[in-house]
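S.K.: the following block contains a protein sequence and its predicted model.
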Amino acid sequence: MSAPAGPSMISLEQLTKSYPGQVEAAVQSLDLEVPEGEIVVLVGPSGCGKTTTMKMINRIIEPTSGVIRLQGEDVTHSPADQLRRRMGYVIQQIGLFPHLTIEDNVAVVPRLLKWSGDRTRARVDELLDLVGMDPSVYRSRYPKELSGGQRQRIGVARALAADPPVMLMDEPFGAVDPIAREKLQNEFLRLQEELRKTIVFVTHDIDEAIKMGDRIAVLREHSVVAQYDTPERILSDPADAFVAEFIGAGASLKRLGLARVRDYPYADWPVAAISDGPQAALAALDRSDETSLLLLDDQRRPLRWVQRQDLQAAGASLDRAGMAVRAMVEPTATLAGALDAMVSSRTGGVVVVDGRGGFLGTVDMGVIMKAAEDMRAAAQDSARSGGPLMRAASGT
Amino acid sequence: MDFLNYLQRDSDRLLELSLQHLSVVLVALAAGTAIAVVLGIVVARRPRLRSVAIGSTGLVLTVPSFAMYALLVPLLGLGRTSVIVALVLYSLLPIVRNTVTGLLGVDPAVVESAKGVGMGPMRRLLRIELPLAWPVVLAGIRVSAVLLVGIAALGAIVRGPGLGELLFAGLRTIGSPNAVNLALAGTLLVVVIAVVLDVCFLALRRVTTSKGLR
Ligand SMILES: Nc1ncnc2c1ncn2[C@@H]1O[C@H](COP(=O)(O)OP(=O)(O)OP(=O)(O)O)[C@@H](O)[C@H]1O
Ligand SMILES: [Mg+2]
């Protein structure tokens, strides 16, 4: 079974939207539970109804039928403006108010909620700091004086202003270049570690979905749920051909992007301190089955790979023997990152070091192959036992 | 120079007529702006009403002043009131049209995020849509202002106040040496008022438009 879902923050029950003049519904009888404190990503091909679904949650689009619950309370017909102040809303076009300063943009909801001036000002500064923008520099600027990425940050800050429990984000990082997007994604994930908001996140990019989502709902036409599951399980065990095709090639590689180096046992590797000299190093190499050995400095920081003949030729000092260590990763790196380091340094393994650079172990190709195999097997097991969130293509 | 002497001799009266002229224009413009902006807001997102409003205010502009006064004077009598009502009617089209253009030109994403943060329709209009449409609305008011300065001169045919009096006096006494002076002074002052108003509106635009929109 996948990680059990917490209590639902948002429940959509038989939610349907038919636009006037259209025969088929854009969203047809959708059931979806969004657990508290998680990022749920709606992903699917263009026109499948992701945006329509999301905008029904804060009733920018009024549903034709069905029920929306927020923390159990039926909000399908409650006053929309009050509802929206409890939900942050970030859209791809950002929609900052161009005639207002950054401060006034961020302060919109606190002022609607009649916070005091002092409290609002303090909150604005806090939020600008939070999204990595110096308040003293940016507070009194106008949106047109910011870069695209900065505007997107302000969009997020504005949505967070009154600390709403829920955030709705429609392709929030869609309008910036890939490098800036990567940066915004990472920042946002770091923020979310602290904030633990309940987030509905729309994207058409499966890679973004895998990166951002605690859970992913893969949608097909009319917002029909093809699979609702954790990224790991969607990658390892797609519910049907539609999901498999949507994930595309390279599912195993994507899965390695989800696994952290620290979650797998490091390979044991012979090491020796450089100051102990060649004899001690040779002895250590003899005790192992490997053909090379890792030399460490006095703080146990990896220096060089050496082979038997390097040690024998070294004479009294090891100062120049062997080949410098190029591929090093920290335990928080992903297996995909480790693999990348391995390939780009053209070695069969990477050295894992702690924050201060001290040796922890190594990860080699064998570890990665085994991890990929284990992940697939585990996901298939759990798929067979059937998690509570398996709701593949229900109803149609 | 005859003309300069005339200006000097009659300067008090010329100033008074100019101020009357300006006052008629400003009063009509204020009333016209209020009506036209509200009208523009009401019709902006209703395509049918929108064409009716723009069509009919456009039609008004094609009615010659003579015809307009022939219709108004029986109801309102000779003098200032008829002139002001006529000017209000003439001022509508540019302001209605620009209000509509301005409001429709507001980025839908901005309106949507105003909804998204929980602003109601009225607040959205006053705090977001109108401020964003304002430069365009103001441009319409400015066009109307200049338009009215010229049309107001014709108010003299129903004994309205203002510089039209000079022009009509000139016409009546055509051939006399003073006629040219009257016509010249009237024309010159109308142009001066129009230019001054225009410049004022440029300044107003600077002062009232957010730095974020410039
Ligand atoms: N205002 C509207 N009026 C009529 N039809 C609409 C409207 N908005 C969306 N649709 C239709 O509803 C369907 C779903 O649209 P929606 O915008 O929700 O898709 P999406 O999944 O967000 O697509 P994308 O990835 O391209 O943003 C589409 O077929 C679209 O044409
Ligand atoms: Mg969309």
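M.R.: Arrived safely. Ligands and ions are numbered 1, 2, ... in the order given.

S.K.: contacts and neighbour counts: CA atoms only from here.
M.R.: Fine.

S.K.: how far off centre is stretch B:44-59?
M.R.: With CA atoms, centre = their mean, to the nearest Å as the basis, the distance from the averaged C-alpha position of stretch B:44-59 to the chain average is 19 Å.

S.K.: do the same with stretch A:98-116
M.R.: Distance, stretch centre to chain centre, for stretch A:98-116: 29 Å (CA atoms, centre = their mean).

S.K.: pLDDT (mean, whole number) over it?
M.R.: Stretch A:98-116 comes out with an average pLDDT of 97.

S.K.: with stretch B:81-94 instead?
M.R.: The model assigns stretch B:81-94 a mean pLDDT of 97.

S.K.: just the buried residues of it, please?
M.R.: B:81-94 (16 or more other CA atoms under 10 Å in any protein chain shown).

S.K.: next: stretch A:284-302.
M.R.: By neighbour count on 16+ other CA under 10 Å, the buried set for stretch A:284-302 is A:L285, A:S292, A:L293, A:L294, A:L295, A:L296, A:D297, A:R300, A:R301, A:P302.

S.K.: please apply the same query to stretch B:123-140.
M.R.: B:124-125, B:127-140.

S.K.: how about stretch B:47-54?
M.R.: B:R50, B:A53, B:I54.

S.K.: do stretch A:178-198 as well
M.R.: Applying 16+ other CA under 10 Å to stretch A:178-198 flags A:R181, A:L184, A:Q185, A:E187, A:F188, A:L189, A:Q192, A:K197, A:T198 as buried.

S.K.: repeat that for stretch A:169-177.
M.R.: A:M169, A:D170, A:E171, A:P172, A:F173, A:G174, A:A175, A:V176.

S.K.: and chain B, is that stretch touching that?
M.R.: No: against chain B, stretch A:169-177 shows no contacts by CA under 8 Å from any CA of the partner chain, the least distance being 11.1 Å.

S.K.: low-confidence ranges in the chain?
M.R.: If you meant another chain, say so; for now it's chain A. A:1-5, A:316, A:379-380, A:382-396 (pLDDT under 70).

S.K.: can you look at chain B instead?
M.R.: For chain B (pLDDT under 70), the answer is B:1.

S.K.: quick one, helices of it?
M.R.: Applying DSSP state H to chain B gives helices spanning B:2-9, B:11-44, B:47-62, B:65-76, B:80-104, B:108-116, B:121-123, B:130-152, B:164-172, B:177-208.

S.K.: can you say which of the ones you listed is packed in most?
M.R.: Greatest average neighbour count among the helices of chain B goes to helix B:80-104 (a mean of 25), per mean count of other CA atoms under 10 Å in any protein chain shown.

S.K.: which residues touch B:A133?
M.R.: B:T99, B:T101, B:G102, B:L103, B:G105, B:V106 (CA atoms under 8 Å, 6 or more residues apart in numbering or on different chains).

S.K.: for chain B, give me its nearest residue in the stretch 101-250 of chain A.
M.R.: Using CA to the nearest CA, the single residue of the stretch 101-250 of chain A nearest to chain B is A:Y142, 5.2 Å away.

S.K.: burial count for that residue?
M.R.: Counted by other CA atoms under 10 Å in any protein chain shown, the residues lying close to A:Y142 total 23.

S.K.: list phi and psi for the residue nearest to it when sequence neighbours are not counted.
M.R.: The shortest distance from A:Y142 to any non-neighbouring residue, by CA to CA, 6 or more residues apart in numbering or on different chains, is to A:T101 (4.6 Å). Backbone geometry at A:T101, expressed as degrees, to the nearest 10, gives phi -70, psi 170.

S.K.: pretty sure A:T101 contacts A:V137?
M.R.: No: using CA atoms under 8 Å, A:T101 makes no contact with A:V137, being 11.9 Å away.

S.K.: the two - which one has more neighbours?
M.R.: Between A:T101 and A:V137, A:T101 has the larger neighbour count (other CA under 10 Å), namely 22 against 8.

S.K.: okay, stretch A:208-223 in CSV with CA atoms only?
M.R.: What follows is stretch A:208-223 as a C-alpha-only set of coordinates in CSV (Å, rounded to 0.1, in the frame of the first residue of the first chain):
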residue,chain,number,x,y,z
GLU,A,208,6.8,18.4,-13.1
ALA,A,209,4.0,16.3,-11.8
ILE,A,210,6.4,13.6,-10.6
LYS,A,211,8.7,16.2,-9.0
MET,A,212,6.1,18.2,-7.3
GLY,A,213,3.4,15.7,-6.4
ASP,A,214,2.8,13.7,-3.2
ARG,A,215,0.0,12.3,-5.2
ILE,A,216,-0.8,12.5,-8.9
ALA,A,217,-4.1,12.3,-10.6
VAL,A,218,-3.6,11.4,-14.2
LEU,A,219,-6.7,12.7,-16.0
ARG,A,220,-8.0,11.8,-19.4
GLU,A,221,-10.7,13.5,-21.5
HIS,A,222,-13.6,15.0,-19.4
SER,A,223,-11.4,15.0,-16.3
